[in-house]
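Visitor: make a model of this:
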Amino acid sequence: LTSTPLATVSPIVALGDGSWSAVVPKASLDPFGTENYTLTLQQSITPLGSRDLAIDRNPPTLSDPTNAIANNPSLIGGVLNKAEIAGGLTIKGTTDAEDGQQVDGRLGSINATGMVSNGTWDVQFTDIQLQTLRDGSLNLALAVSDLAGNPTTANYTLTLDTTAQVNLAAISNDGWINTAESSQALTISGAAEGVQDGASVNLAITFTNGSGASTNVYSASGLLSAGAFSFNVPQGQNWVNGTTYNVTVSGSDAAGNPFSDTKTVTVDTEAPTVDLQLALGSSPAVRFLDPSFAGQFAGANNTSATLNADELAAGILLSSSASADASTTLVSVNGSSQLVAPSTSNGGTSWSVVLNPERFSLPEEGAVIVSATVTDQAGNSASQSGTLQVDRAATVSISAPVDGVGGNHVLNALEAEAVTLSGTVDRIQV
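Guide: Numbers count the residues shown, from 1 in each chain. Model (predicted):
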């Protein structure tokens with residue numbers, strides 16, 4: 001092996017079959033660096049033949065993909081987000097390894113390979129492969145060898161962060177803004193997962209008009225703190241009755257993953273309907289609000305709004321029409337309460353309850369206060385009350401004469417000529 005100066009690296013050993021061999025020890029080659037050489041076979045000082053030979057002791061270069069903004073923008077900062085791996089991930093770089101040399105890549109537990117071409121390379125991880133990875137720290141390992149077999153390896157630490165979630169709490173607790181709430185400040189709150197504290201959270205409240213156009217009525221920005229956020233829509237916001245608003249929060253985490261959530265809230269500032277009525281048996285119902293209620297409500301033996309025993313036995317129905325959005329009705333009779341659910345029939349909504357004397361502990365005689373409080377699904381309520389009279393008992397007793405002469409319960413002719421009856425009455429008007 002010759003260069004300048006000439007050096008001998010190994011003697012030739014002739015073999016019996018006319019061939020020869022030479023073993024070049026490592027120590028003989030150590031002085032030779034990376035350079036082109038000529039291998040010369042000679043006997044004594046007579047050259048027998050030669051061949052060009054290159055010694056390559058230098059491993060190939062391998063560029064750092066995490067610093068190549070143009071080639072690998074998704075790797076800058078060392079964090080991969082959900083969007084950056086959604087369609088697969090291609091990592092590019094440069095090397096001075098010869099064309100056709102293989103570049104091996106390993107990201108976490110998945111592998112990919114590429115080829116060197118004109119000093120550049122790329123390895124491609126598919127979206128299917130990437131879906132097997134879990135959020136957290138990932139090692140990116142790259143390796144390439146040149147034709148001489150010199151290897152180059154490199155390792156980089158990346159972070160996979162594909163999770164950013166935000167959840168709005170129910171707006172106004174139940175998704176409704178009622179009459180009372182419409183004049184108050186509104187708190188909008190929620191929590192986030194996989195989002196760092198200090199991340200910006202944007203709030204937008206909109207509604208869609210009849211033509212499909214969206215109108216923004218309120219917006220604000222805040223910061224995530226301890227995994228939560230909160231906004232206060234000030235008192236005086238012009239909530240339009242019957243309108244459903246979209247409440248949206250949005251933003252992105254440090255990795256660039258976007259997050260958003262939308263809840264709706266409907267404004268209902270109309271009080272529900274309550275219109276108390278009484279009906280005896282199958283007779284038409286009479287409204288409490290009718291100016292002549294006491295005169296109209298008359299049973300077979302009754303000309304006033306006083307309920308007698310026969311009427312109560314026949315069945316007195318207390319009822320009311322109701323708003324379509326009524327949810328509950330609390331009926332109170334004589335201080336005893338009962339929740340009544342509305343029902344819909346023939347296109348109308350109403351409720352009813354039988355005035356059972358035992359259920360409501362009605363007195364034998366006296367005034368009974370009747371009331372009903374209706375609450376709709378938004379929390380609006382309306383009440384109505386009235387007073388009924390109950391008279392379920394009447395007694396008559398005869399005190400004299402009852403016995404006749406001698407107490408034999410028989411009137412003789414003289415006694416029968418002039419009979420005077422006397423006694424007492426109870427609970428009978430005179």
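
Visitor: what separation do you get for residue 176 and residue 382?
Guide: As judged by Cβ to Cβ, to the nearest Å, residue 176 and residue 382 stand 16 Å apart. Heads up, the C-betas are built off the backbone N, CA and C, glycines and all.

Visitor: give the burial count for residue 174, as a bare number.
Guide: Residues lying near residue 174 (other Cβ atoms under 10 Å) number 14.

Visitor: not counting its own residues, what contacts stretch 81-88?
Guide: Stretch 81-88 has contacts (Cβ atoms under 8 Å, 6 or more residues apart in numbering) with 74, 124-127, 130, 160-164, 253, 255-258.

Visitor: what is the rounded mean pLDDT of it?
Guide: Mean pLDDT, computed over stretch 81-88, is 93.

Visitor: quick one: that stretch to chain centroid distance?
Guide: Distance, stretch centre to chain centre, for stretch 81-88: 24 Å (Cα atoms, centre = their mean, to the nearest Å).

Visitor: after the helix or strand residue 221 falls within comes which helix or strand?
Guide: Assigned by DSSP states H and E, residue 221 belongs to strand 214-223. Once the chain leaves strand 214-223, the next helix or strand it forms, by DSSP H and E, is strand 228-233.

Visitor: check which helices and strands that next one sits against.
Guide: strand 186-193, strand 200-208, strand 214-223 (3 or more Cβ pairs under 8 Å, 6 or more residues apart in numbering; DSSP states H and E).

Visitor: buried ones in that strand, by neighbour count?
Guide: Buried residues in strand 228-233, counted by 16 or more other Cβ atoms under 10 Å: 229, 231, 233.

Visitor: what is the rounded mean pLDDT of that strand?
Guide: pLDDT averaged over strand 228-233 gives 97.

Visitor: CA-only coordinates of it in CSV, if you can.
Guide: Extracted C-alpha coordinates of strand 228-233, given in CSV (Å, rounded to 0.1, in the frame of the first residue of the first chain):
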residue,chain,number,x,y,z
ALA,A,228,-60.6,25.9,34.9
PHE,A,229,-62.0,29.1,33.4
SER,A,230,-64.9,31.4,34.1
PHE,A,231,-66.5,34.4,32.5
ASN,A,232,-69.1,36.9,33.8
VAL,A,233,-71.5,38.3,31.3
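
Visitor: any idea how far residue 63 is from residue 156?
Guide: 11 Å.

Visitor: show me just the buried residues among the contacts of stretch 81-88.
Guide: Applying 16+ other Cβ under 10 Å to the contacts of stretch 81-88 flags 74, 125, 130, 160, 161, 162, 163, 164, 253, 255, 256, 257 as buried.

Visitor: correct me if wrong: the first one contacts residue 89.
Guide: Yes - at 6.9 Å, residue 74 and residue 89 qualify as touching, with contact defined as Cβ atoms under 8 Å.

Visitor: now list whatever residues contact both of these two.
Guide: With Cβ under 8 Å, 6+ apart, residue 74 and residue 89 have common neighbours residue 80.

Visitor: helix, strand, or coil at the nearest residue to residue 225 once chain neighbours are set aside?
Guide: Of all residues not flanking residue 225 in the chain, residue 197 sits nearest, at 5.8 Å (Cβ to Cβ, 6 or more residues apart in numbering). Under the three-state scheme (DSSP: H, G, I helix; E, B strand; the rest coil), residue 197 adopts coil.

Visitor: how near is residue 197 to residue 253?
Guide: Taking Cβ to Cβ, one finds residue 197 at 11 Å from residue 253.

Visitor: likewise residue 151?
Guide: The value you get for residue 151 to residue 253, if Cβ to Cβ is used, is 38 Å.

Visitor: got it, and residue 351?
Guide: For residue 351, the distance to residue 253 equals 51 Å [Cβ to Cβ].

Visitor: any regions of the stretch 151-300 of the chain where pLDDT drops low?
Guide: Low-confidence segments of the stretch 151-300 of the chain, defined by pLDDT under 70: 292, 294-300.

Visitor: who touches residue 322 in this structure?
Guide: Contacts of residue 322 (Cβ under 8 Å, 6+ apart): 272, 273, 274, 329, 342, 349, 350, 351, 374.

Visitor: would you map the helices across this structure?
Guide: 26-29, 82-85, 127-130, 179-182, 293-296, 309-314, 413-417 (DSSP state H).

Visitor: ok, and the closest non-adjacent residue to residue 117?
Guide: Using Cβ to Cβ, 6+ apart, the closest residue to residue 117 is residue 99 (5.7 Å).

Visitor: next, give phi and psi for the one you found.
Guide: The phi and psi values for residue 99, taken as degrees, to the nearest 10, are phi -50, psi 140.

Visitor: my guess is it contacts residue 144. True?
Guide: No - here residue 99 does not reach residue 144: they are 11.9 Å apart, not a contact under Cβ under 8 Å.

Visitor: higher neighbour count, these two?
Guide: Per other Cβ under 10 Å, whichever of residue 99 and residue 144 has more neighbours is residue 144, with 26 against 12.

Visitor: from what I can see that one touches residue 62, true?
Guide: Yes - between residue 144 and residue 62 there is a contact at 5.6 Å, judged by Cβ under 8 Å.

Visitor: would you point out which residue is most central in this structure?
Guide: residue 167 (5.3 Å; Cα atoms, centre = their mean).

Visitor: from residue 219, how far out is that one?
Guide: Applying Cβ to Cβ to residue 167 and residue 219 gives a distance of 20 Å.

Visitor: what's the end-to-end length of stretch 183-203?
Guide: 20 Å (Cα to Cα, to the nearest Å).

Visitor: buried residues in it?
Guide: 186, 188, 190, 192, 194, 195, 199, 201, 203.

Visitor: ok, of the residues you listed, which one's closest to residue 118?
Guide: Distance ranking of these against residue 118, using Cβ to Cβ, places residue 194 first at 41.2 Å.

Visitor: so how far is residue 78 from the residue nearest to residue 225?
Guide: For residue 197 relative to residue 78 (Cβ to Cβ), the value is 20 Å.

Visitor: ok, the residue lying closest to residue 118 once chain neighbours are set aside - contacts?
Guide: With sequence-adjacent residues excluded and distances taken as Cβ to Cβ, 6+ apart, residue 118 is closest to residue 99, at 6.8 Å. Residue 99 sits next to 115, 116, 117, 118 when contact means Cβ under 8 Å, 6+ apart.

Visitor: which of the contacts of stretch 81-88 fall in strands?
Guide: 124, 125, 160, 258 (DSSP state E).
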